[in-house]
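Participant: heads up, no residue letters with this:
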């Protein structure tokens, strides 16, 4: 079923991609590529809502709703700093049993354009660290962070991209047990297509691996790997507003939809 759904997403994206290809005969950067780095001396505020679900047959189901608000500022043509407040709620049902968890986190980060695009792809480095995390089962300061590297190369109106990232979580004690969350890393090649100055289509495939999680040195969750597809639409709305809509589906029967809004001032 998951494979069939992935095929449907691929066909839908391909239809819009090639339908728009015949309309574009101009130089225009995809909107989502422009959003990788904030312009110098410009502030940007963003808000997003993400809903995703997982299923293990009819016996176990999970649903997570995540909302975030962020602030970005372009220090130079190559460097930006940013901060983000994120809140989440997770509900799980196992047979007739149901549970709910919720929490929030505060993080800061920065983006650095290591290399501008030339004959070789552009290179953008992203780094983020969590200052505070509150929620079940952990409540702690400086719980972890992430680093990512994005390469992109344009051939108007198409931009090919490749992103690799790693998320690290610091060990902590829960009651008398030492918990060591497994690191997560991923790689995601993608294609981004500017239909016109106000519309961008994007799609990608991703591979993700989560290393084993340990409790007092004993494996609690084995390493997991998954692959999936992601696709979406970016719109430039009313001058300085941008709107992103995207969806993804993975081989472990997890999937979700996301809505993001950006405003520059």
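Facilitator: Yep, that arrived. If you're wondering where the values come from, they're calculated on a predicted model, not measured in any experiment.
Participant: quick one: the helices in this protein?
Facilitator: Taking DSSP state H as the criterion, the chain carries its helices at 2-21, 31-34.
Participant: which one of these has the lowest average pLDDT?
Facilitator: Least confidently modelled of the helices of the chain is helix 2-21, at a mean of 46 by mean pLDDT.
Participant: Across the sheet, point out what pairs with the residue nearest to residue 252 when sequence neighbours are not counted.
Facilitator: Distances taken as C-beta to C-beta, 6 or more residues apart in numbering put residue 226 closest to residue 252, at 4.6 Å, once the chain neighbours are dropped. Using the backbone N, CA and C atoms, a C-beta is placed for each residue, glycine as well. Beta-bridge partners recorded for residue 226 (DSSP bridges): residue 208.
Participant: Hmm, residue 184 and residue 226 touching each other?
Facilitator: No: counting by C-beta atoms under 8 Å, residue 184 is not a contact partner of residue 226; they are 10.6 Å apart.
Participant: show me where pLDDT drops low in this protein?
Facilitator: Counting by pLDDT under 70, the chain shows low-confidence ranges at 1-29, 57-58, 136-139.
Participant: re earlier: quick check: neighbours shared by residue 226 and residue 184?
Facilitator: Overlap of the contact sets of residue 226 and residue 184 (by C-beta atoms under 8 Å, 6 or more residues apart in numbering) consists of residue 208.
Participant: For residue 102, give me its contacts.
Facilitator: 87-90, 135-136 are the contacts of residue 102 under C-beta under 8 Å, 6+ apart.
Participant: Mind doing that once more with 10 Å?
Facilitator: Counting by C-beta atoms under 10 Å, 6 or more residues apart in numbering, residue 102 touches 64-65, 87-91, 134-136.
Participant: how much space between it and residue 130?
Facilitator: Residue 102 sits 17 Å away from residue 130, taking C-beta to C-beta, to the nearest Å as the criterion.
Participant: Same check on residue 46?
Facilitator: Taking C-beta to C-beta, one finds residue 46 at 18 Å from residue 130.
Participant: repeat for residue 182
Facilitator: Using C-beta to C-beta, which is the criterion applied here, residue 182 is 17 Å from residue 130.
Participant: Over to residue 208?
Facilitator: From residue 208 over to residue 130 (counting by C-beta to C-beta), the distance is 19 Å.
Participant: What are the boundaries of the strands in the stretch 101-250 of the chain?
Facilitator: Counting by DSSP state E, counting those that start in this stretch, the stretch 101-250 of the chain has strands at residues 122-135, 139-141, 144-155, 158-169, 172-174, 177-180, 184-196, 199-210, 213-215, 218-221, 224-237, 241-250.
Participant: what about the ones you listed, which gets the closest to residue 95?
Facilitator: Closest to residue 95 of the strands of the stretch 101-250 of the chain is strand 218-221 (C-beta to C-beta; 20.4 Å).
Participant: Could you list every helix and strand in contact with that closest one?
Facilitator: strand 177-180, strand 213-215 (3 or more C-beta pairs under 10 Å, 6 or more residues apart in numbering; DSSP states H and E).
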